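Q: The sequence and its predicted three-dimensional model are supplied below.
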Amino acid sequence: MVPAAREGGGPAPLASQSVSQPRSVLVTGGNRGIGRAIAEAFIAAGDKVAVTTRSGGAPEGALELKADITDPAAVEAAFAAAEEAHGPVEVLVANAGITKDTLVLRMSEEDWSSVIDTNLTASFRLAKRAAKGMLRQKKGRIIFISSVVGLLGSPGQVNYAASKAGLVGMARSLARELGPRSITANVVAPGYVDTDMTAVLSDEQKEGIRSQVPLGRYADPTEVAGAVLFLASPEAAYVTGAVIPVDGGLGMGH
C-alpha cells in the first residue's frame, strides 16, 4: 500500500481505490498532517468523509465538524451531523492526538491527564459511539492511529507512550468483542512522519532520528494513509486486532 516513488523524490499520490458503494467515514483531527492525508485518501477513493477539527481547515470535499473530542456532547453532535449528511458511520479513524512532553519528574497532573484524555479516553468514546451504528449494520471498521513510541517507549513521553500503548489493548479487546458482528478493530503505528509536529525539530535532532531508522528517512503522511486505506478495504476483511507499523523499520520486532 506504500505509494511508488515519483521522479524528483518522495512518494506519489495515492492511487484512487474506488469503492462500489461510497461509505460514511469519520476521521478525527482530519485538518492537517496524518489525519488530513487519511481524509484526502478516502475522498479520492469515492467515500463520503467527515472530519473533526478544533481550528478548521478541513480538506476539500470533506464535511467539516468543529468538535472537541474530549467533550462527550461534542462527540455525540459530530456523529449526529455525520450520520445526517452521510448515513451511519461505517469507518472510524481515531487519529486526533496531542503531546505534552517532559521528563517524568517534571510532568504535572495536567500534562498527564490532558494527553490521556485526548489520545486514549476520547478514542474509547469515539469507538463506543461508532460501535452503536456498526452493530446495527453488522459491519464496520475501527482504526486507531497509535505510534511507534507506544511500542518502544521514549524518554520525556511517559504520558504519550502510555496513551498510544493503550490503543493497542483497546483495539484488541474490541476486535474480540465486536468481531462476531463483522466489525474489525486495528491499529496503525507510524514512526516519524514529515508533518508540522516534526518540522519544529532542529537539524541535529532530525538527523539523530533518521540515523535510527533503517530506511533512513521520515515517512510521508500518504504512506500512513495507505495503511489505513488497506485496513478499511475489502481485502482486509479478515484482519482484526492487528498492529500495522509504518515506521521505516524503527520498531521492528514489537
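A: Noted; the coordinates are in hand. Residues are numbered from 1 along each chain as shown.
Q: Next, the buried residues of stretch 74-93.
A: For stretch 74-93, the neighbour count (16 or more other Cβ atoms under 10 Å) marks 74-75, 78-79, 81-82, 86, 88-93 as buried. Every residue, glycine included, has its C-beta placed from N, CA and C.
Q: Mind checking which of those are in helices?
A: 74-75, 78-79, 81-82, 86 (DSSP state H).
Q: Serialize these to TSV and add fields for pLDDT.
A: Formatted as TSV, these follow (pLDDT from 0 to 100):
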residue	pLDDT
74	97
75	97
78	97
79	98
81	98
82	98
86	98
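Q: out of those, which one sits closest to residue 178?
A: Nearest to residue 178 out of these is residue 79 (Cβ to Cβ; 16.8 Å).
Q: In the stretch 51-200 of the chain, where is pLDDT below threshold?
A: Residues of the stretch 51-200 of the chain that meet the criterion pLDDT under 70 lie in 196-197, 199-200.
Q: what's the single longest strand in the protein?
A: Counting residues, the longest strand found in the chain (DSSP state E) is strand 183-190.
Q: For that one, name the packing helices and strands.
A: Packing contacts for strand 183-190, counted by 3 or more Cβ pairs under 8 Å, 6 or more residues apart in numbering; DSSP states H and E, involve helix 122-137, strand 140-145, helix 158-178, helix 221-232, strand 243-246.
Q: how much distance is there from the second one to the middle of the chain?
A: Between the mean C-alpha location of strand 140-145 and the chain-wide mean there is a distance of 8 Å, by Cα atoms, centre = their mean, to the nearest Å.
Q: How about the third one?
A: Distance, stretch centre to chain centre, for helix 158-178: 13 Å (Cα atoms, centre = their mean).
Q: cool, stretch 58-65 as well?
A: On Cα atoms, centre = their mean, the centre of stretch 58-65 falls 17 Å from that of its chain.
Q: now stretch 55-69
A: 15 Å.
Q: Tell me which residues are up against that stretch.
A: Contact partners of stretch 55-69, identified using Cβ atoms under 8 Å, 6 or more residues apart in numbering, comprise 27-28, 30-32, 36, 39-40, 43, 48-54, 74-75, 77-78, 81-82, 85-86, 96, 118, 122, 125-126.
Q: go with 7 Å
A: With contacts defined as Cβ atoms under 7 Å, 6 or more residues apart in numbering, stretch 55-69 is touched by 28, 30-32, 36, 39-40, 43, 49-54, 74-75, 77-78, 81-82, 85-86, 96, 118, 122, 126.
Q: End to end on it, go ahead and measure it.
A: Length of stretch 55-69, first residue to last, Cα to Cα, to the nearest Å: 13 Å.
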